[in-house]
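In: missing the sequence, but the structure's below:
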């Protein structure tokens, strides 16, 4: 394979990865659903080479998993695993907020405030989802972790767990009045970081993640309950009438 051909494959693989991870995060490829290379190649109109590379990246980012005798499927966390994920977030992101209060530059703080202004002006989403967070540089939590200037934290939260966290945050949060409360909480966290108040920044971030954890767990439980009701035999439903 020539250098130009290899570069083209990597470019296509990057586009495929971005498309697949976005479809997984938004639920277009449902959690637990089985996926195959032939099926994805047909659905997305791509060749198997770039697709394999994209799937390897998805597996690295824990968005898909290989299951013996089943093949590849979109990851599906149990309630226990979901809560463990938020336990990690609570511990590490609160630490990141403390370090951000110590290390974040004035330029980074200004960028963070501009980000909040951008979120506040979002008009392309329904009112109860007007504070839905985007990925990468448009993500508030990403900015806080990066502002910690701690490489190990950045690797863990921005590379290893980022997409998995984004998946569950997107599908099971940001509805009702929670987005508005989250927006206020974000402003308070930024104010604490700007003031250099490490303890307050850490405390506010911990409370923020705890509130998110509770909401996501409640909505996840409701989703499981609805799924179980749909699977309940019709005869049992009649018996209960």
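Out: Sure thing, it's come through. Nothing here was measured: the structure is a model prediction, and the numbers come from that model.

In: now do the helix or strand hosting residue 116: everything it contacts.
Out: Residue 116 belongs to helix 106-120 when assigned by DSSP states H and E. Applying CB atoms under 8 Å, 6 or more residues apart in numbering, the contact partners of helix 106-120 are 104, 131, 133, 138, 140, 143-144, 146-147, 183, 186-187, 190, 193-194. (C-beta placed from N, C-alpha, C; glycine too.)

In: just the buried members of these?
Out: The neighbour-count test (16 or more other CB atoms under 10 Å) applied to those identifies 104, 131, 133, 140, 143-144, 146-147, 186, 190, 193-194 as buried.

In: of those, which is the nearest to residue 164?
Out: Nearest to residue 164 among the buried ones among the contacts of helix 106-120: residue 133, at 14.8 Å, using CB to CB.

In: now the residue nearest the centre of the chain. Nearest residue, chain neighbours left out?
Out: In the chain, the centroid-proximal residue (CA atoms, centre = their mean) is residue 166; its distance is 0.4 Å. Computed as CB to CB, 6 or more residues apart in numbering, the closest residue to residue 166 that is not its neighbour in sequence is residue 25, at 5.5 Å.

In: for that neighbour, list the residues it contacts.
Out: By CB under 8 Å, 6+ apart, the contact list for residue 25 reads 63, 163, 166-167, 170-171.

In: let me have the residues you listed in CSV, adding pLDDT as columns.
Out: Formatted as CSV, the contacts of residue 25 follow (pLDDT from 0 to 100):
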residue, pLDDT
63, 91
163, 83
166, 81
167, 82
170, 75
171, 72
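
In: inside helices: which ones of these?
Out: If you go by DSSP state H, those have 163, 166-167, 170-171 in helices.

In: got a PyMOL select line for the buried ones in the residues you listed?
Out: Of the ones in helices among the contacts of residue 25, the buried ones go into a single PyMOL selection, burial set by 16+ other CB under 10 Å:
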select buried, resi 163+166+167+170+171
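
In: between the ones in helices among the contacts of residue 25, which is nearest residue 98?
Out: residue 166 (22.8 Å).

In: least trustworthy helix or strand in the protein by mean pLDDT?
Out: Here the helix or strand of the chain ranked lowest by mean pLDDT, DSSP states H and E is helix 234-240, holding a mean of 45.

In: the chain: helices as residue ranges?
Out: Using DSSP H, helices in the chain cover 3-25, 37-44, 48-60, 79-103, 106-120, 140-147, 151-154, 162-172, 178-194, 198-231, 234-240.

In: outside of the second one, which residues touch it?
Out: The one in question is helix 37-44. Here helix 37-44 has contacts from 16, 19-20, 46-48, 51-52, 55, using CB under 8 Å, 6+ apart.

In: low pLDDT regions in this protein?
Out: Filtered on pLDDT under 70, the chain yields the residue ranges 1-9, 122-138, 173-179, 227-228, 230-241.

In: circling back: highest average neighbour count across the helices of the chain?
Out: Across the helices of the chain, averaging neighbours per residue (mean count of other CB atoms under 10 Å) puts helix 140-147 on top, at a mean of 23.

In: what's that helix packed up against?
Out: Counting contacts by 3 or more CB pairs under 8 Å, 6 or more residues apart in numbering; DSSP states H and E, helix 140-147 packs against helix 79-103, helix 106-120, helix 151-154, helix 178-194.

In: what packs against the last one?
Out: If I follow you right, that is helix 178-194. helix 79-103, helix 106-120, helix 140-147, helix 198-231.
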